[in-house]
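**Q** Structure here, sequence nowhere to be found:
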């Protein structure tokens with residue numbers, strides 16, 4: 001039977017033969033009987049069929065066998081001629097006459113088969129020679145630099161526009177500094193009380209993570225411009241990507257051919273040794289033919305590797321020229337455009353972090369499970385991130401700080417500066433309020449003091465700030481001190497040190513630290529405040 005090699009994998013020696021009636025037969029290289037030509041894509045072959053399996057496969061290309069003896073020094077790999085499926089048959093000068101009619105007969109058969117195969121249109125047939133000659137001298141740009149940069153920042157601008165309302169938020173929490181501990185709090189509070197993470201907080205968290213992901217990608221690209229160049233500009237260039245993909249396939253092909261070269265090269269060395277040992281034997285001619293066949297395959301492989309290597313170098317050259325041509329322009333335009341969005345991204349992230357942090361602790365203040373956990377763990381102070389971080393760092397106080405703990409300590413300093421602790425003064429007379437505040441300021445500039453004559457406004461202020469010392473005049477005109485302390489405990493849930501100016505309250509909502517006379521001079525009151533403010537916090541939540 002006759003046919004044509006439709007597919008052949010040199011790595012595993014498996015292939016497919018297609019016949020004139022479109023039948024396909026898988027074969028293995030172990031059934032190849034032609035020592036002059038190796039199997040290759042498109043090669044015309046003859047074969048026998050046994051149990052639907054091709055055997056005795058050979059090329060329709062034949063050679064006239066030489067009868068002269070080749071001397072040892074003439075058996076050299078580099079002197080052998082390359083044989084390809086469609087090359088002219090090699091004729092040796094001293095060939096025997098009885099082989100010539102056979103050659104003429106097979107040549108006629110080959111022409112007949114070529115006419116048959118010429119009528120076929122095989123879309124799977126690919127010729128390496130045509131591939132290698134199809135080379136471009138330059139890469140055509142698909143999308144200019146300005147448009148590529150614009151497309152990337154359009155997405156960022158869209159996300160900023162969607163979150164414009166965050167800019168109206170008054171508070172800010174540095175997300176880049178607090179992000180790891182903020183998510184620790186989110187997870188820990190959620191484990192203590194599953195009701196903490198309600199739909200609103202979950203939605204805030206999801207939105208914060210989405211914006212953080214955009215910001216992270218933005219920061220990576222601005223920090224490493226070559227990554228931005230590859231992902232924003234080069235990834236949009238169709239012809240560039242096609243040539244790059246072809247270069248990668250060429251490398252894979254070269255690796256495969258390198259394996260074939262080593263295999264055939266090893267076989268050649270063995271065959272040469274066998275040939276030199278069999279010069280005076282009857283096996284010499286057979287071994288000589290085998291050597292020629294192997295040598296032809298070896299030279300074909302080396303030749304193909306050389307051409308592929310040349311193609312790869314050519315492709316890489318035009319790719320690098322294309323990359324170099326637009327790189328500097330891209331870097332300049334990308335950096336200039338990035339500066340327009342950096343501040344907005346950080347501002348929105350900080351506002352999102354502030355709201356999430358605030359909402360988490362608002363829920364925590366109303367959670368019985370969280371309050372019980374804080375009491376059990378002896379966590380003292382306002383329900384906020386600073387208090388929780390102080391408790392978290394306590395075991396590491398006397399240890400040598402690792403880099404991670406050092407970062408948390410820096411975060412604590414930041415939170416302390418952000419969550420300032422105050423002396424809250426609530427009295428009846430505006431003049432007293434101003435005098436107490438100014439006296440404390442004169443005595444110790446490090447103490448932050450604020451005074452009110454309206455108890456309701458004082459409570460609202462305390463909900464958003466951390467109070468270390470609470471000074472109350474008893475009685476208050478518009479509300480009982482007992483009622484004030486009850487509401488303070490209900491909505492603020494922290495235990496400041498308390499100084500009462502006047503009579504001791506009847507209710508024990510809080511333990512009173514000091515009771516001073518209403519007639520005490522401002523400096524005396526200020527010194528007592530200073531003493532309590534600077535003491536180590538020993539009180540616990542009720």
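**A** Yes, it's here. Source: prediction; values computed, not measured.
**Q** How many residues are close by residue 492?
**A** 20 (other C-beta atoms under 10 Å). To be clear about C-beta, it is placed using only N, CA and C from the backbone, and glycine gets the same treatment.
**Q** Retrieve the pLDDT associated with the closest residue to it other than its chain neighbours.
**A** Excluding the flanking residues, the one nearest residue 492 by C-beta to C-beta, 6 or more residues apart in numbering is residue 462, at 5.3 Å. pLDDT for residue 462: 87.
**Q** isn't residue 462 right next to residue 489, touching?
**A** No: using C-beta atoms under 8 Å, residue 462 makes no contact with residue 489, being 11.1 Å away.
**Q** out of those two, which sits in the more crowded spot?
**A** Under the neighbour definition other C-beta under 10 Å, residue 462 and residue 489 were set side by side, and residue 462 has more, 23 against 15.
**Q** Wasn't that one part of a strand?
**A** No: remark: residue 462 does not belong to a strand; assigned using DSSP: H, G, I helix; E, B strand; the rest coil, it is helix.
**Q** avg pLDDT for stretch 430-446?
**A** 88.
**Q** how deep is residue 403 tucked in, by neighbour count?
**A** For residue 403, the neighbour count with other C-beta under 10 Å is 7.
**Q** who touches the residue nearest to residue 492 in this structure?
**A** Counting by C-beta atoms under 8 Å, 6 or more residues apart in numbering, residue 462 touches 424, 488, 492.
**Q** isn't there a strand covering residue 244?
**A** No: Residue 244 sits outside any strand when classified using three-state DSSP, being helix.
**Q** That one and residue 320, how far apart?
**A** Per C-beta to C-beta, to the nearest Å, residue 244 is found 11 Å from residue 320.
**Q** The two: which has the busier surroundings?
**A** residue 244 (17 against 10).
**Q** Go ahead and confirm the more buried one touches residue 319.
**A** Yes: applying C-beta under 8 Å, one finds residue 244 in contact with residue 319, separated by 6.0 Å.
**Q** before we move on, the earlier item: relative to residue 313, how far out is the residue nearest to residue 492?
**A** Taking C-beta to C-beta, one finds residue 462 at 74 Å from residue 313.
**Q** for residue 496, same thing?
**A** Distance, residue 496 to residue 313, by C-beta to C-beta: 76 Å.
**Q** cool, and residue 251?
**A** 11 Å.
**Q** who's more crowded, those two?
**A** A count of neighbours by other C-beta under 10 Å puts residue 251 above the other of residue 251 and residue 313, at 14 against 11.
**Q** show me what contacts the nearest residue to the more buried one once chain neighbours are set aside?
**A** Closest residue to residue 251 apart from its sequence neighbours, by C-beta to C-beta, 6+ apart: residue 312 at 6.6 Å. Applying C-beta under 8 Å, 6+ apart, one finds that residue 312 lies in contact with 247, 250-251, 254.
**Q** closest to residue 476 among the residues you listed?
**A** Nearest to residue 476 out of the contacts of residue 312 is residue 247 (C-beta to C-beta; 82.3 Å).
**Q** Name the SS class of that closest one, please.
**A** Applying three-state DSSP: residue 247 is helix.
**Q** And for it, the neighbour number?
**A** Residue 247 has 17 nearby residues by other C-beta under 10 Å.
**Q** thought it was touching residue 317?
**A** No: checked against C-beta under 8 Å, the pair residue 247 and residue 317 is beyond contact range at 10.4 Å.
**Q** Strands along the stretch 401-542 of the chain, start to end?
**A** Along the stretch 401-542 of the chain, the stretches classed as strands by DSSP state E, counting those that start in this stretch are 421-426, 448-452, 466-474, 497-502, 514-516.
**Q** With distance to residue 363 and mean neighbour count as added columns, please give these in a markdown table.
**A** Output for these, formatted as a markdown table (distance: least, C-beta to C-beta, whole Å; neighbours: other C-beta atoms under 10 Å):
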| stretch | distance to residue 363 | mean neighbour count |
| --- | --- | --- |
| strand 421-426 | 23 | 23 |
| strand 448-452 | 26 | 18 |
| strand 466-474 | 18 | 23 |
| strand 497-502 | 26 | 21 |
| strand 514-516 | 34 | 15 |
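**Q** so which of those gets nearest residue 156?
**A** strand 466-474 (35.9 Å).
**Q** pLDDT (mean, whole number) over the closest one?
**A** On average, strand 466-474 scores 90.
**Q** Please apply the same query to stretch 269-289.
**A** According to the model, stretch 269-289 has a mean pLDDT of 78.
**Q** Which positions within it qualify as buried?
**A** 271-272, 275, 284, 287-288 (16 or more other C-beta atoms under 10 Å).
**Q** out of the residues you listed, which are inside helices?
**A** The members of those that map onto helices under DSSP state H are 271-272, 275, 284, 287-288.
**Q** now, which of those sits nearest residue 147?
**A** Residue 147 lies nearest to residue 271 out of these, by C-beta to C-beta, at 60.7 Å.
**Q** separation between that closest one and residue 265?
**A** 11 Å.
**Q** With residue 5 instead?
**A** 24 Å.
**Q** The residue nearest to the spatial centre of the chain sits in which helix or strand?
**A** Among the residues of the chain, the one closest to the centroid is residue 217, at 9.4 Å (C-alpha atoms, centre = their mean). For residue 217, the host element (DSSP states H and E) is helix 199-223.
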